[in-house]
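Novice: fold the stuff below for me.
(one chain, ligands or ions: 1)
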Amino acid sequence: MASYYNEHTVLWLNGDFVKASEAKMDFYSQSFHYGYSVFEGIRSYKTASGDTKIFKAEAHYDRLEQSAIALNLPYHWKTDELIEITYEVLKRNNLQDAYIRPVVYAPANMSFVVNTQSFLVIEVWEMQPFLGDKLLSVMTSSFQRPNPKGFKIHAKAAGHYVNSILASQEAKAAGFDEALLTDMHGNVAEGPGANLFYEKDGKLFTPATGNILPGITRATVFEICDTLGIAVEEKVITLAELKQADAVFYCGTAAEVIGWKKLDDTEFPFPWEESLSRMIQLAYKNRVIEKQTQLETEPA
Ligand code: PMP
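Specialist: Presented below is the predicted three-dimensional model:
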């Protein structure tokens, strides 16, 4: 298991910078008992110029607020203030390439009623590889993503991640790197912690919103495709259709852009190095470290 903190690590807890090893939360919290909290997964990078930059900080803290509102968790923080605090947490922990995890959680409450109060913790740790850099072998999960009529699927809610954990553990136990989950209709949805795109005949396709977490990286891929002049279509995608793809990739804040080798028994035949997906992967890597490249500065 990765080590997330040591005796020097500092986190931000409800207005104070405190040592991670001394921070406390309430064991009677409604969040702890029922998985009723919302969170974010954010990355900071050491940029090409050497500065520390939180990638799309505003979009992440805005989504945190939207997730809290979706779950009726009181939210009284301002995005700008939280961004400033996060840079300070990074500085106090002497981190540049980091993973940032804010969590909004509920007070002691064993009932299901709305709270008048919420709490916020911001933790940072050194970034460890999430899915790695090699092409993934992916298994179609026996688990489906939560039914959007049973959950606020667009919110990044802790409870949804029991579904992600089950799917990922199942895939790994069967010898795969990661799972692919379908939606309640059996169509392609997303990974346990990433969105999906596939490439076919020079065009990209991705599942439409409604049954997935609309990822911030997914939005960045749209921006990159726009700059590179690559067409992207959002649509319902069947498993059979996905298996006919030239190339497939997962994308997410932690996963970044990561290609697939195969889905179940189907290997994707197109050489990854020659795919548009690979170009997008490189463009993403450059974008997060603010490195200007020919690729993205050329008019499409
Ligand atoms: N789907 C799920 C279920 C996720 O957990 C994540 C990671 N947050 C994503 C998609 C990708 O979202 P983002 O690009 O905003 O990290």
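Novice: quick one: residues contacting the most far-flung residue of the chain relative to its centre.
Specialist: Largest separation from the mean C-alpha position in the chain: residue 111, at 30.2 Å (Cα atoms, centre = their mean). Residues counted as contacts of residue 111 (Cβ atoms under 8 Å, 6 or more residues apart in numbering) are residue 30. Quick note: C-beta positions are derived from backbone N, CA and C, even for glycine.
Novice: check what pLDDT it gets.
Specialist: Model confidence at residue 111, expressed as pLDDT, equals 97.
Novice: with the one 5 residues further on instead?
Specialist: On the pLDDT scale, residue 116 is placed at 97.
Novice: number of nearby residues for it?
Specialist: Residue 116 is flanked by 8 other residues according to other Cβ atoms under 10 Å.
Novice: in space, what's closest to it - neighbours in sequence excluded?
Specialist: residue 74 (6.6 Å; Cβ to Cβ, 6 or more residues apart in numbering).
Novice: that neighbour in helix, strand or coil?
Specialist: coil (DSSP: H, G, I helix; E, B strand; the rest coil).
Novice: shouldn't it be in contact with residue 120?
Specialist: No. Counting by Cβ atoms under 8 Å, residue 120 is not a contact partner of residue 74; they are 10.6 Å apart.
Novice: count the residues that sit near residue 117.
Specialist: Neighbours of residue 117 under the rule other Cβ under 10 Å: 12.
Novice: contacts only, for it.
Specialist: For residue 117, the contacting residues are 74, 106-107, by Cβ under 8 Å, 6+ apart.
Novice: rewinding a little: which of residue 74 and residue 120 has more neighbours?
Specialist: Shown here are residue 74 and residue 120; by other Cβ under 10 Å, residue 120 has more neighbours (20 against 15).
Novice: so which strand or helix has the more buried one?
Specialist: Element membership of residue 120 [criterion: DSSP states H and E] is strand 119-126.
Novice: now for that strand, which elements pack on it?
Specialist: Helices and strands touching strand 119-126, by 3 or more Cβ pairs under 8 Å, 6 or more residues apart in numbering; DSSP states H and E, are strand 10-13, helix 79-92, strand 98-105.
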